[in-house]
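A.B. asks: Could you work out the structure for the sequence below:
(2 chains)
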Amino acid sequence: MASSSRRALAMALVITALMLAVLPAGTGVAAKTTLTFWSWRTEDQAAYEEFIRAFQASHPDIEVRFVPYRNTEYNTILATALQAGSGPDIIQLRAYGGMEPLANAGYLMPLDDKVQALEGFSREVLGGARSIRDGRIYGVPFAVQTVQILYNRRIFDQLGLREPQTWQEFLDLAGKVRNAGYIAFANGSKEGWTMETFFGAVAPNFYGGTPFYEDVVSGRTTFEDPRFIHALRKMLELKPHLPPGFEGIAYTDMQAMFAQEMAAMWMAGSYELGTMKFMNPDLKIDAFLVPPERAGDPVWHTMYVDGSYGINASTAHPEEALAFVRWLATREYGQMFTDRLEQMSAVPGTVPSSPTLAKLADLMRRHGTPYLMLTAFRYDQPSGSTLLQNTLQALFIGEMTVEQVAREIQQGLARWYKPFQGR
Amino acid sequence: MLDRWLGRRIHLAFLLPGMVLYGLFMVYPLASSLGYSLFEWDGLIREGFAGLRNFRTVLFEPPYSVRFVGALKHNVLFFAMTFAIQSTLGLFFALMFRQKRRGFGFFQAAYFLPYTLSLVVVGFLWLLLLNPLWGGFNQLLRLVGLGKWAQPWLGQTRTALVSIILINAWRWLGFPILVFLAGLQAIPAELEEAARVDGANAWQTLRHVTLPLLAPVMGMVTILTFIYDFNAFELVFVMQGSNGGPAYSTDLLGTFFYRTAFGDSTTGGEPGQIGIASAIAVLMLVMVAAVSWAGIRLLQGRQVEY
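C.D. replies: As a prediction, this is how the structure comes out:
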């Protein structure tokens, strides 16, 4: 009797111990010079493994393990790991406000005094990796993206259409495309962020590009500025040319419509070029910027930095990590990046091999203006992007007026954006 | 001596594994989120003690208060519609299946099947069916001559939430049917027979004998539905994203909490607000706990014994 209860006690304790043993015991100690590299680019895994092999040709003693996570879950996974004191050695960082809290929390190693090559990068490009609080650079920017009209050259040739020079020509052209039985623009509003892309492609010409950007960022004006309201009105002029049921059309539908040549044009980011080539290798894509009201008026091309490569401040291998990140700032890597992934590299002096991408890089050099909400208003909640995306959805469904959109954005941002407070 | 002491307390040792699990995965997170909600946060860094300031922000300061009230209304509608469907359709099917006719076994399994699917699977399935370009649902409407009813169900503020509630009810219904059926089968046949002998018709028997005896079971299912619907998240997250779009028309307390805590995932990273998000979580817990407790007290007052 007595011994059986002792045995029972022992058993209960063993069960408890076993249960605790299966709980994750923290990440194991990494092998001597294996760096882990976290990313949200699951689709680029093969490419990154090639890049790493190229790096190892000159650094045979450093292993780099590329670990991609799902795009939408990456921020959460990364933040949780860093908070717990673990995380990777090399971190693919979001740009602007996406990087800021990690830098402020001290999780990242400042790189401006450690990576010489950063001096050659342009100021706009470094803005994507600079903390607005301490002004230091925490990453080597990798890609620059632009937002514009992508179009199907085969459909344009078939219908005898040319790139429009004025806004009216642009609207007429959309009408002709629809009369020929094609969808004019492969854009829908189901996913708010695609509405921000739409905004990025169309609005800058009508709010007046960088001058308005600088006014609103400095707080000299607000989002209730007539220039901003005018830009929203111009966006609405495209509503009749969106596909039927656009309210329910999601991002993957948009990609499919354009790749399958159902739609002639698409207000989309430069990052689609690689994806489209993969979805339909026969697709002939070209691009143009939304034309201005009158021929000869200024034209603007939305651009932003996608993100950067940073180093975990508590890495066990700072020297090896720096060697890798310095290599990621070289022309050799930048050219490889743009050739392999069909994206514009942030490294100065790289030339895209794809003609469409080279055209976009050239347009950006001449007309570039920062992507409004992403670059300046994503540093706190509610972010300008969240506000813009949701109000644009309501605007296009017909539940908000342009004035209401402008007011809601302004009031939302005034909660945290210092230059707007007290206005 | 020790053995006798052990013998009397050995049950405590066997509670240990359960308590460790419960403590680690329930009590600790709840307590820590309560703690988080009382502090000021700068991104991921905890700063000074904030008292109830985060709660005031959620309840009274736009845009948080607007989102909170909006999400709360959607959760209430979510629960109310689900409750209405399960206590009419669910009860109806349970009463049908009790009659054990030929072929009913098949329908019983068919209605229960969606409940075994994960919400993520259900969400993707219905995303495909309701797609305005190539989805089967609108095509079916056109096929049967109701083409003018075809619309982008998930893209309009007036149809999106109702669509999602109906999809959720479609998936959930098997569970109340099953529990109602078990409850009905536990009612002794003599009681209903006695009512019939006394001259009650089918409706009177149902109204005055069967339903009162089933009430505790229905009450229990209602509490479970309430808890489940106030914590609903996955279906909206999968189908409409963490914003509860379009224009917040499907936003629930769960999605509101999620994007406040972790940042809006579709914008590729804006900082999360842990203090405010924890305050939302605490408010959700308080509401769910209070209503469930009241519901359980109400039920205990009307236990039936056969």
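
A.B. asks: What separation do you get for residue A:272 and chain B?
C.D. replies: 15 Å (CB to the nearest CB, to the nearest Å). For every residue, glycine as well, the C-beta is placed using N, CA and C.

A.B. asks: pretty sure that residue contacts residue A:251?
C.D. replies: No - with contacts counted by CB atoms under 8 Å, residue A:272 stays clear of residue A:251, the gap being 10.3 Å.

A.B. asks: These two: which has the busier surroundings?
C.D. replies: Remark: of residue A:272 and residue A:251, residue A:272 carries more neighbours, 21 against 16, as counted by other CB atoms under 10 Å in any protein chain shown.

A.B. asks: What confidence value was assigned to that one?
C.D. replies: Looking at residue A:272, its pLDDT reads 93.

A.B. asks: How about it: what's its closest non-neighbour residue?
C.D. replies: residue A:150 (6.3 Å; CB to CB, 6 or more residues apart in numbering or on different chains).

A.B. asks: ok, what's across the strand from the one you found?
C.D. replies: Per DSSP bridges, the residues bridged to residue A:150 are residue A:266, residue A:287.

A.B. asks: so how far is residue A:112 from it?
C.D. replies: 35 Å (CB to CB, to the nearest Å).

A.B. asks: Comparing those two, which shows the higher neighbour count?
C.D. replies: The neighbour comparison of residue A:150 against residue A:112 (other CB under 10 Å) goes to residue A:150, with 26 against 15.

A.B. asks: residues touching that one, list them.
C.D. replies: Residue A:150 makes contact with A:258, A:265-268, A:272-273, A:276, A:285-287, according to CB atoms under 8 Å, 6 or more residues apart in numbering or on different chains.

A.B. asks: What's the ChimeraX line that selects buried ones from the residues you listed?
C.D. replies: To isolate the buried subset of these in ChimeraX, counting by 16 or more other CB atoms under 10 Å in any protein chain shown, use the following:
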select /A:258,265,266,267,268,272,273,276,285,287
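
A.B. asks: Quick one, grab the pLDDT at the closest residue to chain B within the stretch 201-350 of chain A.
C.D. replies: Nearest residue of the stretch 201-350 of chain A to chain B: residue A:248, at 2.6 Å (CB to the nearest CB). Per-residue pLDDT puts residue A:248 at 94.

A.B. asks: Spit out the contact partners of the closest residue in space to it that isn't next to it in sequence.
C.D. replies: Distance criterion CB to CB, 6+ apart; nearest residue to residue A:248, sequence neighbours excluded, is residue B:152 at 2.6 Å. Applying CB under 8 Å, 6+ apart, we find residue B:152 in contact with A:190, A:245-249, B:132.

A.B. asks: which SSE is residue A:141 in?
C.D. replies: strand A:140-152 (DSSP states H and E).

A.B. asks: remind me, longest helix of chain B?
C.D. replies: helix B:274-300 (DSSP state H).

A.B. asks: Near chain B, which residues of the stretch 51-200 of chain A are found?
C.D. replies: Contact residues, the stretch 51-200 of chain A versus chain B (CB under 8 Å from any CB of the partner chain): A:71-73, A:75-76, A:79, A:82-83, A:94, A:97-102, A:104-105, A:107, A:188-193, A:196.

A.B. asks: which of those count as buried?
C.D. replies: A:75-76, A:79, A:82, A:94, A:97-102, A:104-105, A:107, A:188-193, A:196.

A.B. asks: Sitting in helices, which of the residues you listed do you find?
C.D. replies: A:75-76, A:79, A:82, A:100-102, A:104, A:192-193, A:196.

A.B. asks: For stretch A:315-330, buried residues please.
C.D. replies: Across stretch A:315-330, burial judged by 16+ other CB under 10 Å covers A:315, A:317, A:320-329.

A.B. asks: Those in strands, which ones?
C.D. replies: Nothing among the buried residues of stretch A:315-330 maps onto strands, per DSSP state E.

A.B. asks: mind putting these in a markdown table, pLDDT included?
C.D. replies: Shown next, in a markdown table, are these (pLDDT from 0 to 100):
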| residue | pLDDT |
| --- | --- |
| A:315 | 95 |
| A:317 | 95 |
| A:320 | 96 |
| A:321 | 97 |
| A:322 | 97 |
| A:323 | 96 |
| A:324 | 97 |
| A:325 | 97 |
| A:326 | 97 |
| A:327 | 97 |
| A:328 | 97 |
| A:329 | 97 |
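
A.B. asks: how about low-confidence regions in the stretch 151-300 of chain B?
C.D. replies: Within the stretch 151-300 of chain B, the ranges that satisfy pLDDT under 70 run B:264-271.

A.B. asks: And chain A, by the same measure?
C.D. replies: A:1-6, A:8-32, A:423.

A.B. asks: And the strands in it?
C.D. replies: Going by DSSP E, chain A shows strands at A:34-39, A:63-68, A:90-94, A:140-152, A:183-185, A:263-269, A:285-288, A:301-311, A:344-345, A:368-370.

A.B. asks: could you dump the ones you listed to JSON lines with distance to residue A:378?
C.D. replies: Below are those laid out as JSON lines (distance: least, CB to CB, whole Å):
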{"stretch": "strand A:34-39", "distance to residue A:378": "20"}
{"stretch": "strand A:63-68", "distance to residue A:378": "23"}
{"stretch": "strand A:90-94", "distance to residue A:378": "9"}
{"stretch": "strand A:140-152", "distance to residue A:378": "15"}
{"stretch": "strand A:183-185", "distance to residue A:378": "26"}
{"stretch": "strand A:263-269", "distance to residue A:378": "16"}
{"stretch": "strand A:285-288", "distance to residue A:378": "25"}
{"stretch": "strand A:301-311", "distance to residue A:378": "10"}
{"stretch": "strand A:344-345", "distance to residue A:378": "21"}
{"stretch": "strand A:368-370", "distance to residue A:378": "12"}
